[in-house]
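K.L.:
what's the 3D shape of this:
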Amino acid sequence: MKTNNIMIAALFIAFVAFTGCKKEEETPDPVTPTPTPSLYERLGGINAIAAVTDKFLANVASDNTINARFADAVANPYRLQLLRNNLIDQICAGSGGPCQYKGKSMLEAHTGMNITQEEFNALVGDLVAALDFYEVPAAEKNELLGILGPMQTDIVGQ
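P.N.:
Purely as a prediction, here's the structure:
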């Protein structure tokens, strides 16, 4: 009988332990979402932007639709370097990188030039060709073009 009482008491204690105390559910540690890398980072940073810019300028120089527009810059190493640096800074800053664009506004730089839609399209084509040359993924390429595209109104027909 003593064994039965001990067994009943043990079952009672076990019952109370399992039913009387609500088991606390473990809450997982809050997961901090990994921040989405900036376009600058996804493009590969300053070195990748510089490489694309160099290829872009080479494409422009060989593009008969627009190379005459850049003849003075190409003929002057200082002006060509300034153009290159401004393009790198503009892409870097526009894509969320640490650079600061210090050049003229697109409207100020292009006023009086009367750039045509055909010339603008050729320039964009030369940039796309440079991005394709370096196999920039479509998402990043489209995001960059989406950042630069609105500049068209300050360039074409000014």
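
K.L.:
CA atoms for contacts and neighbours, from now on please.
P.N.:
OK.

K.L.:
Name the residue closest to the centre of the protein, please.
P.N.:
The centre of the chain sits closest to residue 39, judged by Cα atoms, centre = their mean, with a distance of 1.1 Å.

K.L.:
Show me which positions of the helix or strand containing residue 88 end up buried.
P.N.:
With elements taken from DSSP states H and E, the one containing residue 88 is helix 77-94. For helix 77-94, the neighbour count (16 or more other Cα atoms under 10 Å) marks 80, 83, 84, 85, 86, 87, 88, 89, 90, 91, 92, 94 as buried.

K.L.:
Which stretches in this structure count as helices?
P.N.:
2-19, 39-43, 45-61, 71-75, 77-94, 106-110, 117-133, 138-148 (DSSP state H).

K.L.:
Which among these is found nearest to residue 30?
P.N.:
Smallest distance to residue 30 across the helices of the chain (Cα to Cα): 26.0 Å, for helix 39-43.

K.L.:
wait, isn't residue 90 in contact with residue 98?
P.N.:
No. At 10.6 Å, residue 90 and residue 98 do not qualify as touching, with contact defined as Cα atoms under 8 Å.

K.L.:
ok, now which ones touch residue 120?
P.N.:
Counting by Cα atoms under 8 Å, 6 or more residues apart in numbering, residue 120 touches 152, 155, 156.

K.L.:
Chain neighbours aside, what residue packs nearest to the second one?
P.N.:
Residue nearest to residue 155 in three dimensions, not counting chain neighbours: residue 110, with 5.5 Å by Cα to Cα, 6 or more residues apart in numbering.

K.L.:
in the protein, which segments are predicted with low confidence?
P.N.:
Applying pLDDT under 70 to the chain flags residues 1-29.

K.L.:
80 instead, please
P.N.:
1-32 (pLDDT under 80).

K.L.:
That concludes my questions; thank you for your assistance.
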